[in-house]
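*Asks:* here are the coordinates; sequence isn't available:
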């Protein structure tokens, strides 16, 4: 017989401590990449960081807040276009323009949220897609930004970022890493805060969460605006690397939504580890198979189908259900205060 | 005993680390340059092309063309008495400008190519050229009118690009060729314009550099309803405006599915122009064949045919030999991009053999600027271009004509813009 006073609730575990330590060492190594990695490796790593950030942000929307948006490319594109507009017409340093683009994306997402939060379920998903299409068609009419043709970032703006080519590339690399760390840290802290259990309650059963007194609309609104702000920042960073923007590239549903959903679904939706695993798997597949042409897309589809059939909770969900480990300490467990053993 | 760690500790440390990273930013990054061919002399050529996706038609002959080029490069090239191996690394843009930028960066940074080439529409040439310009690698592109290439990249004629060069024709050429075509049979000078809101459509419909001012200057009336969104499924308003204005000529730049829609709806709604001259949509035999007998008599700009009086500076093949080789190898009809894709590598070969020092990027750029060579698609010479980064190739216009057996042939019907290229047939008006 166990009395309540003998029980403690903890979120941490030995695995989480080890993961934290390894993560820290990895982060140190990645921070030093400009001193040991080649230029192509740094560029690939930057792309991985930005995809990781997009995947984590989509995961918090769909996996935690129940906002299954298939239109987050609206904010990727908006962020990219805002970077170009601020840098070309405002003369603002692109590194400053990236957070500004995020803020503009955040304001836009507030207006969008008021509209599309009237929809739910499948209608919400379609609504977000329609919003993204509207963004694409609107930017195709802005002739100052190249209209439907698109435009290139003048070389002078890009070269002004840093001293010489290597300095510039290092700054862009650190910027991308910084965004990924910011996104991961923000999500981790959010889930450890009071909002965390609320979000998990919403994820598991919206009606039950409402009956517990959680303000669902407000929680969702905060998550949607926060995720969209950061998504717009990621979009600005992506197009700083691409150097060229056009409506089809900026608001590409394939590049910025379909691949991101693929990453989250195969990695494990509703977990913080899932998008990380998914990003690694996606880039392994892409780097080895992308030159196969259409067969590459078929293989991606096949992988998604197999994972969904064999491990519906994604690769990480599969691992967790078999070994009960967690790298980010987010699930409360009850332990015996004396023996420190799980009850 | 409190077994619980401070929840925020890990995250705070991460942030602290980020600050350390920012401090490290002040330190100059180390330079590491390794030229792959310093030991074994190999020149690497990067090639970006839309092998898959909606633009794949432009690249369908890539395998055939590259096979011929690789055979020609098999013994390497000679530069200043030294022999260099040549390696061509070809990557697929998937018809996606985002992917084009990514594979171009990968070729430049990862494979460390010495020169990068790309072809087929602004969606391929522009992202590749942008990456080359910022990463300081020589770049040669083709198969995209020069205005969308140059002005579409915010090019400034007084401050040209340093690393990126292009050869193809321009809007002034296609305008002149079409005007010549339209003036042959005495049709009414009322033209309906179909310009989409994309890189090509905006350039063709540009009020200063495109069709509108040129048509006005030559006494044509243009009916232009503004830029339509690509992949439209309804052209009724265009068709009724053209019919009301009495248009006997229709022109524009369209993607094949849009033209298919427009042309089918024109038939349904009884609009019967006498001449239909459309850029891009009517390039490929497969697009014409998909229209059936309605494809007969459509007119288009012509950049290259087997009848062009040009040959390869690399393999000695004539235009006809190159085109017939493709048909023999694949059983498919020749397409216009074949000549330009071949010429792209001819130019690279010519530049690499002339460069004073292949280890020096500036010397390769100098060789590009001094190019003066005959090629499969006509002379290439950047000193005579409209802007420093562009060399123009000849353009004519002609018509798809169906023979009794139902086979379509592209015949040159108007060559006022390039008299060297023989006329191979006479323009027939559409019934």
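*Replies:* Right, received. Where do you want to start? Since the model is a prediction, treat every value here as computed from it, not as a measurement.
*Asks:* Can you point out the buried residues in the longest strand belonging to chain B?
*Replies:* The residue-count maximum for a strand in chain B (DSSP state E) belongs to strand B:82-92. Under the neighbour-count criterion of 16 or more other C-beta atoms under 10 Å in any protein chain shown, strand B:82-92 has B:84, B:86-92 buried. For glycine as for every other residue, the C-beta is placed from the backbone atoms N, C-alpha and C.
*Asks:* of all those residues, which comes closest to chain A?
*Replies:* residue B:92 (6.0 Å; C-beta to the nearest C-beta).
*Asks:* and residue B:80, what does it touch?
*Replies:* The neighbours of residue B:80, taking C-beta atoms under 8 Å, 6 or more residues apart in numbering or on different chains as the test, are B:356-357.
*Asks:* tilt between the helix or strand following the longest strand of chain B and strand B:82-92?
*Replies:* Next helix or strand after strand B:82-92 toward the C-terminus (DSSP states H and E): helix B:97-109. Calculated by axes from the mean of the first three to the mean of the last three C-alpha atoms, to 10 degrees, helix B:97-109 forms an angle of 160 degrees with strand B:82-92.
*Asks:* count of residues packed around residue B:260?
*Replies:* For residue B:260, the neighbour count with other C-beta atoms under 10 Å in any protein chain shown is 17.
*Asks:* what do you get for residue A:211?
*Replies:* Neighbourhood size, residue A:211 [other C-beta under 10 Å]: 10.
*Asks:* Roughly how far does it sit from residue A:201?
*Replies:* 10 Å (C-beta to C-beta, to the nearest Å).
*Asks:* related to what we said a few turns ago, please convert the buried residues of strand B:82-92 to a markdown table, extending it with distance to chain A and pLDDT.
*Replies:* Putting the buried residues of strand B:82-92 into a markdown table (distance: C-beta to the nearest C-beta, whole Å; pLDDT from 0 to 100) gives the following:
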| residue | distance to chain A | pLDDT |
| --- | --- | --- |
| B:84 | 23 | 93 |
| B:86 | 20 | 95 |
| B:87 | 15 | 95 |
| B:88 | 14 | 96 |
| B:89 | 10 | 96 |
| B:90 | 9 | 95 |
| B:91 | 7 | 94 |
| B:92 | 6 | 92 |
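*Asks:* Looking at those residues, which two lie furthest apart in space?
*Replies:* In the buried residues of strand B:82-92, the most distant members under the criterion C-beta to C-beta are B:84 and B:92, with 26.2 Å between them.
*Asks:* how about low-confidence regions in the stretch 1-150 of chain B?
*Replies:* B:1-40 (pLDDT under 70).
*Asks:* And the strands in it?
*Replies:* Under the criterion DSSP state E, counting those that start in this stretch, the stretch 1-150 of chain B contains strands at B:42-49, B:77-79, B:82-92, B:115-119, B:139-142.
*Asks:* What pLDDT does the model give the residue most central in space within chain A?
*Replies:* Among the residues of chain A, the one closest to the centroid is residue A:54, at 2.5 Å (C-alpha atoms, centre = their mean). On pLDDT, residue A:54 comes in at 97.
*Asks:* how about the residues of the stretch 151-300 of chain B that lie near chain A?
*Replies:* Counting by C-beta under 8 Å from any C-beta of the partner chain, the stretch 151-300 of chain B comes close to chain A at B:152-154, B:161, B:196-199, B:201-203, B:227, B:229-230.
*Asks:* ok, which pair from these is furthest apart?
*Replies:* Pairwise over these, using C-beta to C-beta, the maximum falls at B:161 and B:229, 30.5 Å.
*Asks:* Quick check on the two: which one has the bigger neighbour count.
*Replies:* residue B:161 (21 against 16).
*Asks:* quick one: low-confidence parts of the stretch 101-250 of chain A?
*Replies:* For the stretch 101-250 of chain A (pLDDT under 70), the answer is none.
*Asks:* who in the stretch 51-200 of chain A is up against chain B?
*Replies:* A:137, A:140-141, A:146-155, A:158-159, A:163, A:165-167, A:169-171, A:174, A:177-178, A:181-182, A:184-185, A:188-189, A:192.
*Asks:* My error: substitute the stretch 201-343 of chain A in the last question.
*Replies:* A:241-244, A:246, A:248-249, A:252, A:254-255, A:290-291, A:293-294, A:329, A:335, A:337, A:340.
*Asks:* which ones among these are found in helices?
*Replies:* Members of these lying in helices (criterion: DSSP state H): A:241-242, A:248-249, A:294.
*Asks:* From those residues, list the buried ones, please.
*Replies:* Among these, the ones that count as buried by 16+ other C-beta under 10 Å are A:241-242, A:248-249.
*Asks:* Give me the residue at the spatial middle of chain B.
*Replies:* Nearest to chain B centroid, counting by C-alpha atoms, centre = their mean: residue B:143, 2.2 Å.
*Asks:* Could you list everything the nearest residue to that one once chain neighbours are set aside pairs with in the sheet?
*Replies:* Leaving aside its chain neighbours, residue B:143 sits nearest to residue B:119 (4.0 Å; criterion: C-beta to C-beta, 6 or more residues apart in numbering or on different chains). Assessed by DSSP bridges, residue B:119 has beta-bridge partners residue B:142.
*Asks:* In contact with residue B:119, which residues?
*Replies:* Shown in contact with residue B:119 (C-beta under 8 Å, 6+ apart): B:49, B:58-59, B:125, B:141-144, B:337, B:340-341, B:344.
*Asks:* And for residue B:221?
*Replies:* B:189-191, B:215, B:245.
*Asks:* Grab the two from those residues that are most spread out in space.
*Replies:* Pairwise distances among the contacts of residue B:221 were taken by C-beta to C-beta; the largest, 13.2 Å, belongs to B:215 and B:245.
*Asks:* what's next to stretch B:94-102, contact-wise?
*Replies:* A:47, A:150, A:241-244, A:246, A:248-249, A:252, A:254-255, B:48, B:50-56, B:92-93, B:118, B:123-124, B:126-128, B:130-131.
*Asks:* Let's see that with 6 Å instead.
*Replies:* With C-beta atoms under 6 Å, 6 or more residues apart in numbering or on different chains as the test, stretch B:94-102 has contacts from A:242, A:249, A:255, B:48, B:50, B:52-55, B:93, B:123-124, B:127-128, B:131.
*Asks:* Buried ones only from the residues you listed, please, as a PyMOL command.
*Replies:* Entered in PyMOL, the line below selects the buried ones among the contacts of stretch B:94-102, by 16+ other C-beta under 10 Å:
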select buried, (chain A and resi 242+249+255) or (chain B and resi 48+50+52+53+55+93+123+124+127+128+131)
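*Asks:* hmm, which two among the contacts of stretch B:94-102 are most spread apart?
*Replies:* B:54 and B:131 (21.6 Å).
*Asks:* which of the residues in the helix or strand containing residue B:323 are buried?
*Replies:* Following DSSP H and E, one finds residue B:323 within helix B:319-330. Of the residues in helix B:319-330, B:319, B:322-323, B:325-326 count as buried by neighbour count, 16+ other C-beta under 10 Å.
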